[in-house]
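Trainee: using only what follows, build the 3D model:
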Amino acid sequence: MARPRSFDPDDVLEIARQVFWQKGFQATSLDEITAASGIAKPSLYAAFGDKNALFLKVLDRYHDGILGWAERVLAQPGSARDAVRQWLIGFIPYCSGEKGQRGCLSINSLTDGSLDQAAVRKSIERYNRRLEELLRARLRADRAEFSRGFDPDITAHTIMVVHAGLMALAHQTPDSKRVKAVIDQVMQLLA
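Mentor: Numbers count the residues shown, from 1 in each chain. Just a heads-up that it's a prediction; the model follows:
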């Protein structure tokens, strides 16, 4: 008879996320995660699988959290312009200053070799596609509030490119005022 787990899987996923985020996928070993979580390697394997499977669970959970937040913010009543601005401004702490210095787990994964894993690449593609769909849907829904030549599809894609750029540059710890200035510039697309 199997013994019941003596740990909360959500807690372990959060610890693993912090370790992967700090060190990167390639540089992180399961030994580091077991040391940080206090869970024996066999228990970690039994609960999550190998390092790749664990990282994928961490990444999917990270994406789900951001997507859930984006859905709530972009669905708020009011103008699409205000909703998009609020969504973008919500990222300022994560792409500026000391807190933003660690960058975005998804963007980091694009550059640290984990993209060689097909499942990781698909997770990131799915996340980016869903995020862009949320933006596009909100801009299309409120199309009447924009100028005649406004293209919600291209604008949503442009916002995604700027968002990814801000998150990629987060390692350079830009000043939050500079990030906000970029957001103000992007908001001019929503005319």
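
Trainee: where's residue 50 relative to residue 41, distance?
Mentor: Per Cβ to Cβ, to the nearest Å, residue 50 is found 11 Å from residue 41. All C-beta spots, glycine's among them, are computed from the backbone N, C-alpha and C.

Trainee: and if you look at residue 20?
Mentor: Taken as Cβ to Cβ, the span from residue 20 to residue 41 is 16 Å.

Trainee: more neighbours: those two, which one.
Mentor: Neighbour totals were compared for residue 20 and residue 41, and residue 20 leads with 26 against 11 (other Cβ atoms under 10 Å).

Trainee: for the closest residue to that one other than its chain neighbours, what are its contacts?
Mentor: When the adjacent residues along the chain are set aside, residue 20 lies closest to residue 28, with 5.3 Å between them (Cβ to Cβ, 6 or more residues apart in numbering). When contacts are counted by Cβ atoms under 8 Å, 6 or more residues apart in numbering, residue 28 touches 19-20, 51.

Trainee: kindly recompute the last result at 10 Å.
Mentor: 16, 19-22, 36, 51, 54-55, 112, 114 (Cβ atoms under 10 Å, 6 or more residues apart in numbering).

Trainee: find residues that contact each of residue 50 and residue 41.
Mentor: In contact with both residue 50 and residue 41: residue 30, using Cβ under 10 Å, 6+ apart.

Trainee: next structured bit after the lowest-mean-pLDDT helix or strand in the chain?
Mentor: Ranked by mean pLDDT, DSSP states H and E, the helix or strand of the chain with the weakest confidence is helix 97-100, at a mean of 78. Of the helices and strands lying after helix 97-100 in sequence (DSSP states H and E), the nearest is helix 105-111.

Trainee: element containing the residue nearest to residue 20?
Mentor: Taking DSSP H and E as the definition, residue 28 sits outside all helices and strands.

Trainee: begin at 28 from now on, thanks
Mentor: Let's use 28 as the start, then, which means that last one is residue 55.

Trainee: only alpha carbons, please: show the least confident helix or strand of the chain as CSV.
Mentor: Output in CSV follows, covering the C-alpha atoms of helix 124-127 (Å, rounded to 0.1, in the frame of the first residue of the first chain):
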residue,chain,number,x,y,z
GLY,A,124,13.8,47.4,-11.1
GLU,A,125,15.2,44.7,-8.8
LYS,A,126,12.1,42.5,-8.8
GLY,A,127,12.0,42.5,-12.6
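
Trainee: give me the helices and strands touching that helix, please.
Mentor: Counting contacts by 3 or more Cβ pairs under 10 Å, 6 or more residues apart in numbering; DSSP states H and E, helix 124-127 is packed against helix 203-214.

Trainee: name the residues that touch the helix it packs on?
Mentor: Contact with helix 203-214 is made by 108-109, 111-112, 114-116, 118-124, 126-127, 182, 185-186, 188-190, 192-193, 196-197, 201-202, as judged by Cβ under 10 Å, 6+ apart.
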